[in-house]
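Engineer: The sequence isn't on hand, but the structure is:
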Ligand SMILES: [Zn+2]
């Protein structure tokens, strides 16, 4: 099958929906988006999603975390028959100053795929769901994929409720203000049982498809990744009167760590990033008494990633620093048979891994048959206003999604 868009049902709806969302949460100065969980913008996005689902006659439900699921067909009848549904979708929230595509392409694309399937006269042999996951980016409370982590139980309800945003507002309070009851949080077996297969369409967050010259690719796995906190001690003192020999400058240790991480990542063919640092006391004319940095390291091979961290630990120990692991996620493989089936259905498409986490990975780790489709991003940039995909490529992604659904939920599937 070709991924050339059959423009019938999807194109005009896609353009209209994209236009609807364009100004929502937009920062006019930067051109980026601020769409954080359980805020006014998030509320408007959820209302928009509910209205689009109602327009299509899809039955909308919310789970224990407030993720929105809209069904074409009866998901519970399918569960009772032992043949649960196929779900497509993604998330509508963003990182601070995020791009327009990360998340919304998968939700808008799923709705447009429904339009395309109906235009084609498709009748699902099992229910088709469209999901809008809540709080995927973790931009407000610091835990990515909070929506899928809570309903799979990976993120405990008490811990989730107690997470706070930079203003000290807890997730429980934020949900309450948004009209949701935080007491409902927890693993949601009823919701998960309805999901036989999950396919998430997403803008690519790197340059693999650009270099390969393809508009669409099938995701095979999510790289192993982790976060480590690095604390380096020092001694606060005067920037003018303390001789260089007499200093214990915490920031020097942290700087060595940043360079070491970069070098080790190059050697190990990984990626390593220190994008957040905290310096105490933080004065221009004061020597740092304590410097903390957060290391994010990822790669295709878990052992290589851990060797990068070991190298960082080595360098930091020379400065009496401490490295603490905050999270570690091993390789997440999407369902190999599903990946093969999608790739052969779509024909000549690359199968690629990704360094970014997704709700599809959380569901896969819960044992749900899951995979992803990626749409080419010519800038290769993501989590920034420069993130981009052409309308033609988005439509190719939607056509591929509709094609995959036809295969997975069609007659004889
Ligand atoms: Zn995303």
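Structural biologist: The structure has been received and is ready for your questions. Since we're looking at a predicted model, the values are computed, not measured.

Engineer: Number of residues surrounding the residue nearest to residue 184 when sequence neighbours are not counted?
Structural biologist: Sequence neighbours aside, residue 64 is the residue nearest to residue 184 in space, at 4.6 Å (criterion: C-beta to C-beta, 6 or more residues apart in numbering). (Glycine included, C-beta is placed from N, CA and C.) Residues near residue 64, counting by other C-beta atoms under 10 Å, number 19.

Engineer: Contact partners for residue 64?
Structural biologist: Counting by C-beta atoms under 8 Å, 6 or more residues apart in numbering, residue 64 makes contact with 150, 151, 184, 185, 186, 187, 188, 191.

Engineer: three-state assignment of the residue of the stretch 201-350 of the chain found nearest the ion?
Structural biologist: Going by C-beta to the ion, the ion is nearest to residue 202 of the stretch 201-350 of the chain, at 5.7 Å. Following DSSP: H, G, I helix; E, B strand; the rest coil, residue 202 is assigned to strand.

Engineer: ok, back up a step: A strand includes the residue nearest to residue 184, no?
Structural biologist: No - the assignment for residue 64, made by three-state DSSP, is coil rather than a strand.

Engineer: any idea which element residue 160 lies in?
Structural biologist: helix 157-162 (DSSP states H and E).

Engineer: I'd like to know which of the contacts of residue 64 are buried.
Structural biologist: 150, 151, 185, 186, 187, 188, 191 (16 or more other C-beta atoms under 10 Å).

Engineer: So which of these belong to helices?
Structural biologist: Under the assignment DSSP state H, the buried ones among the contacts of residue 64 contribute 150, 151, 191 to helices.

Engineer: how much space between the first one and residue 137?
Structural biologist: Plainly put, residue 150 is 15 Å away from residue 137 if you go by C-beta to C-beta, to the nearest Å.

Engineer: again with the last one
Structural biologist: As for residue 191, its distance to residue 137 is 21 Å (criterion: C-beta to C-beta).

Engineer: for the second one, same thing?
Structural biologist: Here the criterion is C-beta to C-beta. By it, residue 151 lies 17 Å from residue 137.

Engineer: Run through the residues of the protein sitting next to the ion.
Structural biologist: 102, 103 (C-beta under 5 Å from the ion).

Engineer: And the pLDDT at the residue of the chain positioned farthest from its centre?
Structural biologist: The outermost residue of the chain, judged against the average C-alpha position, is residue 241 (48.5 Å), by C-alpha atoms, centre = their mean. You'll see residue 241 listed with a pLDDT of 96.

Engineer: So it, which state does it fall into?
Structural biologist: coil.

Engineer: Look up phi and psi at it.
Structural biologist: As for residue 241, its main-chain torsions (degrees, to the nearest 10) stand at phi -100, psi -10.

Engineer: Next: residue 299.
Structural biologist: Dihedral angles (degrees, to the nearest 10) for residue 299: phi 180, psi 170.

Engineer: ok, it touching residue 270?
Structural biologist: Yes - in this structure, residue 299 is within contact of residue 270 by C-beta atoms under 8 Å, at 3.2 Å.

Engineer: More neighbours: which of these two?
Structural biologist: For residue 299 versus residue 270, neighbours defined as other C-beta under 10 Å are more numerous around residue 270 (25 against 22).

Engineer: what sits against the more buried one?
Structural biologist: 264, 297, 298, 299, 301, 304, 305, 308.

Engineer: which among those residues end up buried?
Structural biologist: 264, 297, 298, 299, 304, 305, 308.

Engineer: For my notes, please list those residues in JSON lines and give pLDDT for each entry.
Structural biologist: Below are those laid out as JSON lines (pLDDT from 0 to 100):
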{"residue": "264", "pLDDT": "98"}
{"residue": "297", "pLDDT": "96"}
{"residue": "298", "pLDDT": "95"}
{"residue": "299", "pLDDT": "95"}
{"residue": "304", "pLDDT": "97"}
{"residue": "305", "pLDDT": "97"}
{"residue": "308", "pLDDT": "98"}
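
Engineer: Can you give me the neighbour number for the residue nearest to residue 57 when sequence neighbours are not counted?
Structural biologist: Distances taken as C-beta to C-beta, 6+ apart place residue 72 nearest to residue 57, at 7.9 Å, with adjacent residues excluded. Close neighbours of residue 72, defined as other C-beta under 10 Å, add up to 23.

Engineer: so residue 72 bridges to which residues?
Structural biologist: residue 128 (DSSP bridges).

Engineer: So what's the residue count around the nearest residue to residue 98 once chain neighbours are set aside?
Structural biologist: Closest residue in space to residue 98, ignoring its immediate chain neighbours: residue 33 at 4.9 Å, by C-beta to C-beta, 6+ apart. Using other C-beta under 10 Å, residue 33 is surrounded by 29 other residues.

Engineer: picking up where we left off before, sort out for me which of the contacts of residue 270 are in strands.
Structural biologist: 297, 298, 299 (DSSP state E).

Engineer: can you give me the end-to-end distance of stretch 314-327?
Structural biologist: Distance across stretch 314-327, first residue to last, is 19 Å (C-alpha to C-alpha, to the nearest Å).

Engineer: can you pull out the helices in the protein?
Structural biologist: Going by DSSP H, the chain shows helices at 10-21, 40-55, 75-80, 104-119, 146-152, 157-162, 171-177, 189-193, 208-212, 250-268, 302-317, 336-346, 359-365, 391-409.

Engineer: Specify the angle between the second one and helix 10-21 in degrees.
Structural biologist: Put plainly, it is helix 40-55. 150 degrees (axes from the mean of the first three to the mean of the last three C-alpha atoms, to 10 degrees).

Engineer: mean confidence for helix 40-55?
Structural biologist: Mean predicted confidence for helix 40-55 is 98.

Engineer: ok, residues contacting it?
Structural biologist: 17, 20-21, 24-25, 34-36, 60, 68, 70, 92-93, 107, 111, 130, 132, 134, 178.

Engineer: how far out from the middle of the chain is it?
Structural biologist: Relative to the centre of its chain, helix 40-55 is centred 20 Å away, using C-alpha atoms, centre = their mean, to the nearest Å.

Engineer: Also the fourth one?
Structural biologist: Centre-to-centre, helix 104-119 and its host chain are 19 Å apart (C-alpha atoms, centre = their mean).

Engineer: Buried residues of that helix, list them for me.
Structural biologist: 104-118.
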